[in-house]
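In: Sequence first, then the predicted structure, then my questions.
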Amino acid sequence: MTYHRLRVTDVITETPDAHSLVLTLPPALAAEFTYRPGQYLAARVPHSRGNLVRCYSLSSSPHTDTDLKITVKRVPDGQASNWICDHVRPGDTLDVAPPAGSFTPTSLDDDLLLLAGGSGITPVMAIIKSVLARGRGRLALVYANRDPNSVIFAAELAALGEQHGDRLTVTHWLDSERGAPAPAMLTTLISEHAGREAYVCGPQPFVLVAQHTLQQAGVPPERIWVERFEVDQGTEVGQHAGVGQRAENGRDATLEVELDGQTHRLSWPAGTRLLDVIIAAGLNPPFSCRQGHCGACACRLLGGRVDLVHNEILEEPDFAEGYILACQAVARSDEVSVTYY
Ligand code: FES
């Protein structure tokens with residue numbers, strides 16, 4: 001996966017703990033960075049033990065914005081997000097890979113039900129702007145936040161609501177006033193839109209409640225699209241539900257891995273993914289989606305054989321150079337050797 005160094009032309013403080021970075025795209029990269037509303041960028045940020053790669057949803061719309069914009073919220077122990085919020089200033093650069101992801105509407109003319117929790121509004125905002133600018137769809141958004149100060153894009157949503165009152169309804173849910181969202185209460189907000197395709201984005205507890213509510217309201221699972229923002233061992237992980245693949249049986253192997261300037265020899269149990277083996281050994285490999293579609297976990301095979309359970313990012317030229325996805329690799333030979341260099 002190729003990273004490109006883009007200039008940050010603006011940093012917008014959206015809330016006390018959420019920043020948007022505006023990235024300018026050189027004309028030469030325009031084709032490679034063509035994107036759909038709801039997609040994300042993988043960003044590479046420095047870390048004392050090597051680079052961290054994390055995925056951040058684009059809040060910009062390809063239909064209304066000339067520059068790319070990602071919105072990044074601080075999370076406790078979120079090493080990459082906190083580094084971005086603390087260090088990135090206008091004029092700096094950020095290494096990002098071309099847009100990816102499938103949390104994007106099939107048609108801008110469909111009526112949609114949108115459920116966002118906290119910074120889960122980021123890809124949803126891009127979808128709203130695109131549908132209103134280029135489609136005919138009507139949108140119902142339920143947007144949950146801790147309190148009024150944590151509402152990202154409050155003014156922009158209010159302005160869009162005024163401009164497109166017949167097509168966009170926004171219902172704010174504030175935990176500070178109503179407590180955390182519960183299915184019984186959400187049901188009354190969504191029931192009249194249960195015939196629509198639903199897009200859900202937010203932290204895991206919000207996503208679980210929203211999914212449960214939608215299913216209770218009769219929305220078929222195949223019409224529910226989910227993007228999760230999770231905090232996992234100090235890292236932020238954006239991932240789609242429904243694209244995870246069943247782990248296939250592999251064979252017990254011995255793994256040799258070069259990472260962070262050292263070579264480690266590890267036992268690799270059958271059926272286990274390479275990434276999990278490395279993390280379980282206390283090492284800090286790069287990863288993000290864990291679903292085979294971002295490429296953040298790519299490393300190179302030096303010896304032995306592996307199978308990839310799922311792959312949406314690597315192509316023949318990558319395989320020719322030995323690249324594999326650690327999050328999807330199971331061992332197929334007794335000895336496997338990989339490097340992150
Ligand atoms: Fe995204 Fe492996 S972590 S492809």
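Out: Thanks, I have it.
In: contacts and neighbour counts: CA atoms only from here.
Out: Will do.
In: Ala326 is in contact with Leu274, isn't it?
Out: Yes - the pair Ala326 / Leu274 is scored as a contact, 5.0 Å apart, by CA atoms under 8 Å.
In: how close does Leu157 sit to the ligand?
Out: 31 Å (CA to the nearest ligand atom, to the nearest Å).
In: Doesn't that residue belong to a helix?
Out: Yes - looking at Leu157 with DSSP: H, G, I helix; E, B strand; the rest coil, it is inside a helix.
In: Name the nearest residue to it, sequence neighbours excluded.
Out: In space, not counting the residues next to it along the chain, Leu157 is nearest to Val170; the distance is 7.7 Å by CA to CA, 6 or more residues apart in numbering.
In: Quickly run through the sheet partners of whatever helix or strand that neighbour lives in, with directions.
Out: Per DSSP states H and E, Val170 falls inside strand 168-174. Paired strands of strand 168-174, with direction, are strand 139-145 (parallel) (DSSP bridges).
In: For the partner strand, output the C-alpha coordinates as CSV.
Out: The C-alpha trace of strand 139-145 is given here as CSV (Å, rounded to 0.1, in the frame of the first residue of the first chain):
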residue,chain,number,x,y,z
LEU,A,139,-32.4,11.6,5.7
ALA,A,140,-33.3,10.9,9.3
LEU,A,141,-30.4,11.3,11.6
VAL,A,142,-30.3,10.3,15.3
TYR,A,143,-27.1,11.6,16.8
ALA,A,144,-26.1,10.6,20.3
ASN,A,145,-23.5,12.5,22.5
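In: Counting neighbours, show which residues of it come out buried.
Out: Counting neighbours by 16 or more other CA atoms under 10 Å, one finds that the buried residues in strand 139-145 are Leu139, Ala140, Leu141, Val142, Tyr143, Ala144, Asn145.
In: pretty sure the last one contacts Gly118?
Out: Yes - the pair formed by Asn145 and Gly118 meets the contact definition of CA under 8 Å, at 5.2 Å.
In: any shared contact partners between these two?
Out: Residues touching both Asn145 and Gly118 (CA atoms under 8 Å, 6 or more residues apart in numbering) are Val151.
In: ok, the residue nearest to Leu157 - how many residues close by?
Out: When neighbours are defined as other CA atoms under 10 Å, Val170 has 16 of them.
In: who's in contact with the residue of the chain found nearest the ligand?
Out: Residue nearest to the ligand within the chain: Gly292 (3.4 Å; CA to the nearest ligand atom). Gly292 is in contact with His310, Asn311, Glu312, Ile313, Leu325, Cys327, Gln328, counting by CA under 8 Å, 6+ apart.
In: Next: Val306.
Out: Contacts of Val306 (CA under 8 Å, 6+ apart): Ala329, Val330, Ala331, Arg332, Ser333, Val336.
In: and which of these is nearest Leu58?
Out: Of all the contacts of Val306, Leu58 sits closest to Ala329, with 28.4 Å by CA to CA.
In: Could you pick out the residues of this structure near the ligand for me?
Out: Within the chain, the positions adjacent to the ligand are 287-297, 325-327 by CA under 6 Å from any ligand atom.
In: Name only those of these that count as buried.
Out: Buried by 16+ other CA under 10 Å: 287-297, 325-327, out of those.
In: Let's have the residues you listed in JSON lines, adding secondary structure and pLDDT.
Out: Output for those, formatted as JSON lines (DSSP: H, G, I helix; E, B strand; the rest coil; pLDDT from 0 to 100):
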{"residue": "Phe287", "secondary structure": "coil", "pLDDT": "81"}
{"residue": "Ser288", "secondary structure": "coil", "pLDDT": "77"}
{"residue": "Cys289", "secondary structure": "coil", "pLDDT": "78"}
{"residue": "Arg290", "secondary structure": "coil", "pLDDT": "82"}
{"residue": "Gln291", "secondary structure": "coil", "pLDDT": "82"}
{"residue": "Gly292", "secondary structure": "coil", "pLDDT": "84"}
{"residue": "His293", "secondary structure": "coil", "pLDDT": "79"}
{"residue": "Cys294", "secondary structure": "coil", "pLDDT": "80"}
{"residue": "Gly295", "secondary structure": "coil", "pLDDT": "82"}
{"residue": "Ala296", "secondary structure": "coil", "pLDDT": "83"}
{"residue": "Cys297", "secondary structure": "coil", "pLDDT": "87"}
{"residue": "Leu325", "secondary structure": "strand", "pLDDT": "93"}
{"residue": "Ala326", "secondary structure": "coil", "pLDDT": "94"}
{"residue": "Cys327", "secondary structure": "coil", "pLDDT": "91"}
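In: Distance to Gly135 added to those residues, as a markdown table?
Out: What follows is these, written out as a markdown table (distance: CA to CA, whole Å):
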| residue | distance to Gly135 |
| --- | --- |
| Phe287 | 35 |
| Ser288 | 32 |
| Cys289 | 30 |
| Arg290 | 33 |
| Gln291 | 30 |
| Gly292 | 31 |
| His293 | 28 |
| Cys294 | 28 |
| Gly295 | 32 |
| Ala296 | 33 |
| Cys297 | 36 |
| Leu325 | 37 |
| Ala326 | 39 |
| Cys327 | 37 |
